[in-house]
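Engineer: From the sequence below, what's the structure:
(one chain, ligands or ions: 4)
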Amino acid sequence: MAVDLHLHSTASDGSVRPGELMGLAAAQRLRTVALTDHDTLDGISEAREAAGHHDIELIPGTELSLEFDGGMHLLVLWLEPEPGPLQDRLEWLRQGRDERNLAILEALARHGIEVSAEEIAEQAGGGGSVGRPHIAAVMVRKSYVTSIAAAFDLWLARGRPAYVARPRLSPAEGISLARASGAVPVLAHPHTLGITTARDMAALLHELIDAGLAGLEALYAGYHRHEREGYADLARRFGLVATGGSDFHGDYKPGLDVGIGYGDLYVPDDVVDQLRERVA
Ligand code: AMP
Ligand code: ZN
Ligand code: FE
Ligand code: FE
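Structural biologist: Ligands and ions are numbered 1, 2, ... in the order given. Next up is the predicted model:
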């Protein structure tokens with residue numbers, strides 16, 4: 001059976017409610033899914049209840065953006081919505097988002113693009129983890145840009161006029177806080193690291209593995225077959241579990257489906273069994 005270990009809901013920057021997401025997973029006959037909303041566990045209880053109705057195993061999780069040139073995202077699996085070392089830092093991360101979002105709106109306003117804090121909060125539907133995709137969606141709705149991708153490419157991506165950084169944990173902090181919370185840390189979509197040599201990748205992986213990294217997201221929806229094979233081989237050589245997922249965001253990432261990604265994704269369920277062995 002197939003699984004999907006990277007999903008976003010309305011608790012962060014997805015357009016589908018956590019409960020409905022489990023319905024989509026059931027329609028794809030998935031055995032296990034992980035809900036990995038950015039910097040929040042707010043969707044877990046709704047997802048868990050719906051997963052129970054559909055006889056799906058739900059792995060509670062989150063996705064963190066860590067301090068790294070390029071971009072490093074960490075999927076944190078089996079992170080329970082209860083007090084804990086990492087859980088207690090999530091509120092701080094969300095507050096950093098809110099302050100960063102206001103700075104982005106000010107930067108856009110300087111360029112004549114009028115988006116208000118109320119509009120992005122409304123776009124986020126009251127979800128606690130508000131981010132750039134919500135700002136991008138309001139820009140599309142108000143016809144400043146023609147797509148979310150264009151909003152990033154022209155304004156919001158790193159290096160563009162309205163890019164503003166937000167507070168992040170360091171890689172070692174994120175990974176060790178995840179471990180201290182009983183969770184399993186996985187390096188997400190490794191291409192965003194921007195690493196171009198095998199030597200630099202090896203040095204980084206050694207560092208992250210020392211901190212407690214358990215897996216590498218090799219079977220990513222956005223990858224071609226040769227990329228999935230290359231990253232799976234890398235994972236194997238470093239003793240990491242080659243995980244996978246769609247990074248489904250609903251309307252915020254058009255064309256992507258739960259479980260099957262762009263139509264050619266298949267993440268086998270033995271990945272979950274391998275990961276479970278890595279829970280401390
Ligand atoms: P934030 O966490 O608020 O800074 O927003 C980051 C999120 O925006 C990522 O997790 C992606 O879902 C999305 N994103 C980042 N870069 C792009 C891009 N170039 N085009 C579309 N979406 C993007
Ligand atoms: Zn996202
Ligand atoms: Fe990500
Ligand atoms: Fe993601």
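
Engineer: I would like the residues contacting the strand or helix carrying Ala50, please.
Structural biologist: Per DSSP states H and E, Ala50 falls inside helix 44-54. Residues outside helix 44-54 that contact it (CB atoms under 8 Å, 6 or more residues apart in numbering): 9, 17-23, 25-26, 33, 35, 57-58, 60, 81. (C-beta placed from N, C-alpha, C; glycine too.)

Engineer: out of those residues, which one sits closest to Val272?
Structural biologist: Taking CB to CB as the measure, Val272 lies nearest Glu57 of the contacts of helix 44-54, at 7.5 Å.

Engineer: Give me the neighbour count for the closest one.
Structural biologist: Residues within reach of Glu57, counting by other CB atoms under 10 Å, total 15.

Engineer: That one and Ala183, how far apart?
Structural biologist: 16 Å (CB to CB, to the nearest Å).

Engineer: residues touching the closest residue to ligand 2 within the stretch 1-150 of the chain, list them.
Structural biologist: Nearest residue of the stretch 1-150 of the chain to ligand 2: Asp13, at 4.2 Å (CB to the ion). Asp13 makes contacts with Asp37, His38, Ala124, Ser129, Val130, Gly131, Arg132, Pro133, His134, His249, Tyr252, as judged by CB under 8 Å, 6+ apart.

Engineer: For ligand 1, tell me which of those show up nearby.
Structural biologist: His38, Gly131, Arg132, Pro133, His249 (CB under 6 Å from any ligand atom).

Engineer: just checking, the second one touches Ser12?
Structural biologist: Same thing as Gly131. Yes. Contact status for Gly131 versus Ser12: in contact at 6.8 Å, counting by CB atoms under 8 Å.

Engineer: which of these two has more neighbours?
Structural biologist: Taking other CB under 10 Å, Gly131 and Ser12 do not tie; Ser12 has more neighbours (28 against 24).

Engineer: what sits against that one?
Structural biologist: Per CB under 8 Å, 6+ apart, neighbours of Ser12: Asp37, His38, Asp39, Thr40, Gly43, Gly127, Ser129, Gly131.

Engineer: Name the nearest residue to the third one, ignoring sequence neighbours.
Structural biologist: Excluding the flanking residues, the one nearest Asp39 by CB to CB, 6 or more residues apart in numbering is Leu93, at 4.3 Å.

Engineer: to the chain's geometric centre, what's the distance from the longest helix belonging to the chain?
Structural biologist: Longest helix in the chain, counting residues (DSSP state H): helix 87-110. Put simply, helix 87-110 sits 17 Å off its chain's centre (CA atoms, centre = their mean, to the nearest Å).
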